[in-house]
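K.L.:
Prediction below, plus the sequence it came from.
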2 protein chains.
Amino acid sequence: MPGAAFQLTERDLEDFATGAWILGTGGGGDPYFSLLEAKQHLAAGRTVTVVDPLSLPDDALVACVGQMGAPLAKQEKLCDGDVIASTIPMMEKHLGRKFDAVMLWEVGGNNGFQAILSGLILGLPVVDCDAMGRAFPQADMTTFAICDLPAYPWTMVDIRRNSLIFTEAENWTWMEKMTRRVCTVFGASAATCKAPRTGEEVKRGSCLHTLSWALSIGRTVRAARAAHADPIAAVVAAEGGLVLFRGKVTDVMRRATDGWLRGRVTIEGLDGDQGESMAIDFQNEFSVAWRGDKPAATVPDLICLLDSASGEAIGTETVRYGQRVTVIALPAPAILTTPKGLQHVGPRAFGFDLDFHSVFPARSA
Amino acid sequence: MPGAAFQLTERDLEDFATGAWILGTGGGGDPYFSLLEAKQHLAAGRTVTVVDPLSLPDDALVACVGQMGAPLAKQEKLCDGDVIASTIPMMEKHLGRKFDAVMLWEVGGNNGFQAILSGLILGLPVVDCDAMGRAFPQADMTTFAICDLPAYPWTMVDIRRNSLIFTEAENWTWMEKMTRRVCTVFGASAATCKAPRTGEEVKRGSCLHTLSWALSIGRTVRAARAAHADPIAAVVAAEGGLVLFRGKVTDVMRRATDGWLRGRVTIEGLDGDQGESMAIDFQNEFSVAWRGDKPAATVPDLICLLDSASGEAIGTETVRYGQRVTVIALPAPAILTTPKGLQHVGPRAFGFDLDFHSVFPARSA
C-alpha cells in the first residue's frame, strides 16, 4: 500500500539537506543555499507535499528537474529556484499538457532540492523518488536510461534569457552530449526539465522512496549529534554501510573541464589506517577509491567523504588540504548493479578498465 | 514596382551555383552536390518559384534556412535537401503557424541552395533576398543582427534523429555561441531554420535581390566562356569589381576548429604581380588579404579567389598548392559598410585590429 502523503517541515528540509549531501557522493552540489531558499518559501507560507510514487495513476504526468554543470561553477552561480521552476511551464507549453507532479532527477546534493524548490514555487506535489538513487555526472547514468525509456524532450534555461528545447535525441548518449555542450557555453551551469515521465514509467523505472531515504539519513545524523554519539557510525549502522578509510586530506587535484569538475583527492591514514593512503578519483562525484594501487571501492557503490567529527558530507568542489575525513561506502540501489545497470554506471562508464566488485558482496546481484 | 515571379530552370540552377560560389568568398560550401540534387528535383517534375521580396505582404511569414558548420566537414557529410527542409515544419509546429515562403540565409556557396532545395521539396516560393549579401561565418554577422531584429527562435537538426529548438536567446552573440556548440558536437554540420521573419522585416532588413545577383554573375561567366573571353574580366567589369592579385598558391594552412574552418592561403605573384606575394586569412570565408604585411582588402568587401582560367570560385576547403588563382574584390551591400554594419562584419569582428578601408572608396559610406 502506498505511504501517506506528507508536508515537508523546516526540520525535514534540514534533515533532507544533510542526507542528500551524503548521498551526493561528493557531487550534486552543496545544498546549503537551496536549503536557505526553501526555508524562505516555508516562512512565506508556501508548502510542499511529498507523495508516494506508488500512489501515482499510470497516466499521471511527472516533471523531472535538475541542475547540470560543474559543482565548482555553482559555488559562484547560485541555483535560483525561479530558474529551475521556469523549465516546467516551458515543457508544459511544448507538450500542450500540464504536469501532475514533479520528481527528483538525482537525490544527491543540491540537485535533490531542485524538485522541492519547484514544488514550493509552482504548488506541485513532489514524488518520493529519483532517477539515480545517489548523484551521477551524466544523463545517460540514470535508471531511465538503464530502462531504455525515451531521452527526450528536455527544456533548458540559463540565468540570462537563453532557453532551448531538445525536441529529439538519437539516444541518451546524444542527449548527454548535446546538453553538456550548451551547459558548458552557459558557464558549466544550466537548469533543465528532463524527459517527462508517466506515472507508470516512474513506478517502473525510478529509484523509489529516495527522498525519504535522504530524510532518514539526515535524521540519523541529527539524532546521533543530539546524543553526542558518532554520526558516521550511526549512519553506517543504520544503512548497512562500511567505513573504508580514516585520515587527513593531503592533496587535491581539481579542474573544471568539459562541463564537469574532475580530479583526485589523496588522503593519508590516521587511527587504524596510519601509514596507509587512499586516493579517490572524481568526475563531479567520487568514482573510484584506491588503497595504494588497488581499487577499494568503485561506482555504483556510493563512496562518501564525510567530516570525521560532524559527519557532514564534503563535496568535490570544497574538499581541501588538512580536512580530517572518513570515507564510507553505502550500498547502491539494486538496479544500478544489474548487468544493464553496470553498462551505464559501472567503472567502465567512467573510463576505468575495472570490473565492478561491490564492497557489499552479499547484496550484489 | 516589384519584379515578376519566375520559375528556376535547370540552366538557372547552374548559373546560380556559379554566381553563389563566387559570392561565397571562399565559404558557404561547394554548391556542386546541392546543384545535382536540385536538378534531380526538377527532373522529377518539381518546380520552384522565385518571388520579389517587395511583393511580400507585411504580415507574410518567411522561413530563413541555412546550413551551419565547417565547409571541410560538409565535404564528407553532404547536405541533403530533406534534412534542411525538415527544419521548416518543425518551426511551423513550434509557432503554430504556416510559412508563406522561404528565403536564403546566406546567398554564398552551397548555403544559397538550401532555400531552393527547401522550396523544391516543400512547394514554398523562394524570396529573392538573403541576410548577408555574401557568406559570413557567424549568425551575428547578418543584416538581421545589424537591424536588431529578434535572434530567436531557431530549429536545428542533424543527420541523425537529434533536433532542438532554441526558444530564446539573450542576443545574437548568445544565439551564435549556443548553436555553434551544438553544431560542433554534431560534427561541425547542422541544418537550421533561423528566426522567422515577417514580410515587413524582410523588406526592411535583408539584402534584396541577391538570388538574382548570383544568377546574373553566373550568366556573365557563362557568356564569357561561350565567347572564349576571360570570365574574370567579365565579372569584374559587370560588377564594378577589382582584380587584387594574380598568382600561384604556394601554401595553405587549414584547421577545423570550434565549428569553423580557419587558416591562411599564401599566393606567389605571377604576370603583373611577379615577385610579390599575397596572404589571405579565412574563417570559413576570406576575411583579410595581405600584400606583404599591409592589408590589401578586408571584410566586408568581398574577397573572392577564382581559378585564373575558368573563373570558377575556389573554396577555403578545396584551395590547394599549385592552383593558378586570381583574387578579386567585389563591393559589399551598402548596409554592411555602415558604422553599425561594421560593428558586426568589419575586420574587428573577425579579431583583426584594423579599420575598414574599402577598396571601393567611392562606394563607401
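P.N.:
Structure's in. What do you need? No experiment lies behind these values; they were computed from the predicted model shown. Residues are numbered from 1 along each chain as shown, chains lettered A, B, ... in the order given.
K.L.:
domains in chain A, as residue ranges please.
P.N.:
A:6-210, A:229-363 (automatic domain parsing).
K.L.:
which residues touch the residue of the stretch 251-365 of chain A found nearest chain B?
P.N.:
Here the stretch 251-365 of chain A gets closest to chain B at one residue, residue A:259, 10.3 Å apart by Cβ to the nearest Cβ. All C-beta atoms are positioned from the backbone trio N, CA, C, and that covers glycine. The contact partners of residue A:259, by Cβ atoms under 8 Å, 6 or more residues apart in numbering or on different chains, come to A:68-70, A:180-181, A:183-184, A:188.
K.L.:
okay, the domains of chain A, which one's buried deepest?
P.N.:
Stretch with highest mean neighbour count among the domains of chain A: domain A:6-210 (a mean of 22; mean count of other Cβ atoms under 10 Å in any protein chain shown).
K.L.:
Any idea how far apart the tips of stretch A:16-35 sit?
P.N.:
One end of stretch A:16-35 sits 9 Å from the other (Cα to Cα, to the nearest Å).
K.L.:
Rounded mean pLDDT for that stretch, please.
P.N.:
On average, the pLDDT along stretch A:16-35 is 96.
K.L.:
what's the answer for stretch A:280-299, then?
P.N.:
Regarding stretch A:280-299, the rounded mean pLDDT is 96.
K.L.:
Surely residue A:132 and residue A:112 touch.
P.N.:
No - using Cβ atoms under 8 Å, residue A:132 is not in contact with residue A:112; the gap is 10.0 Å.
K.L.:
what do the two both touch?
P.N.:
The contact lists of residue A:132 and residue A:112 share residue A:106, where a contact means Cβ under 8 Å, 6+ apart.
K.L.:
So for the helix or strand hosting residue A:237, mean pLDDT?
P.N.:
Using DSSP states H and E, residue A:237 sits in helix A:231-239. Confidence over helix A:231-239, taken as the mean pLDDT, stands at 98.
K.L.:
which element follows that helix toward the C-terminus?
P.N.:
Following helix A:231-239 toward the C-terminus (DSSP H and E): strand A:242-257.
K.L.:
and that following strand with helix A:231-239, angle?
P.N.:
Angle, strand A:242-257 to helix A:231-239, by axes from the mean of the first three to the mean of the last three Cα atoms, to 10 degrees: 110 degrees.
K.L.:
what about dumping the CA coordinates of the following helix or strand past strand A:242-257 to PDB?
P.N.:
As assigned by DSSP H and E, the chain's next helix or strand after strand A:242-257 is strand A:260-269. Provided in PDB are the C-alpha atoms of strand A:260-269 (Å, rounded to 0.1, in the frame of the first residue of the first chain):
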ATOM      1  CA  TRP A 260      32.400  18.800 -15.200                       C
ATOM      2  CA  LEU A 261      34.600  19.000 -12.200                       C
ATOM      3  CA  ARG A 262      37.300  16.300 -12.500                       C
ATOM      4  CA  GLY A 263      40.200  15.400 -10.200                       C
ATOM      5  CA  ARG A 264      41.600  13.300  -7.400                       C
ATOM      6  CA  VAL A 265      41.700  13.600  -3.600                       C
ATOM      7  CA  THR A 266      44.600  12.000  -1.700                       C
ATOM      8  CA  ILE A 267      44.200  11.100   2.000                       C
ATOM      9  CA  GLU A 268      46.900   9.900   4.400                       C
ATOM     10  CA  GLY A 269      45.700   7.400   7.000                       C
END
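K.L.:
Within the sheet, what are the partner strands of strand A:260-269, with directions?
P.N.:
The pairing partners recorded for strand A:260-269 under DSSP bridges are strand A:242-257 (antiparallel), strand A:277-283 (antiparallel).
K.L.:
Helices of chain A, start to end?
P.N.:
In chain A, the helices defined using DSSP state H lie at A:10-23, A:32-43, A:71-74, A:81-95, A:111-122, A:143-146, A:172-185, A:199-205, A:210-226, A:231-239, A:339-345.
K.L.:
quick one: which of these is nearest chain B?
P.N.:
Nearest of the helices of chain A to chain B, taken as Cβ to the nearest Cβ: helix A:172-185 at 4.1 Å.
K.L.:
picking up where we left off before, show me what contacts the residue nearest to the residue of the stretch 251-365 of chain A closest to chain B when sequence neighbours are not counted?
P.N.:
Closest residue to residue A:259 apart from its sequence neighbours, by Cβ to Cβ, 6 or more residues apart in numbering or on different chains: residue A:184 at 4.1 Å. Contact analysis of residue A:184 by Cβ under 8 Å, 6+ apart lists A:258-259, B:181.
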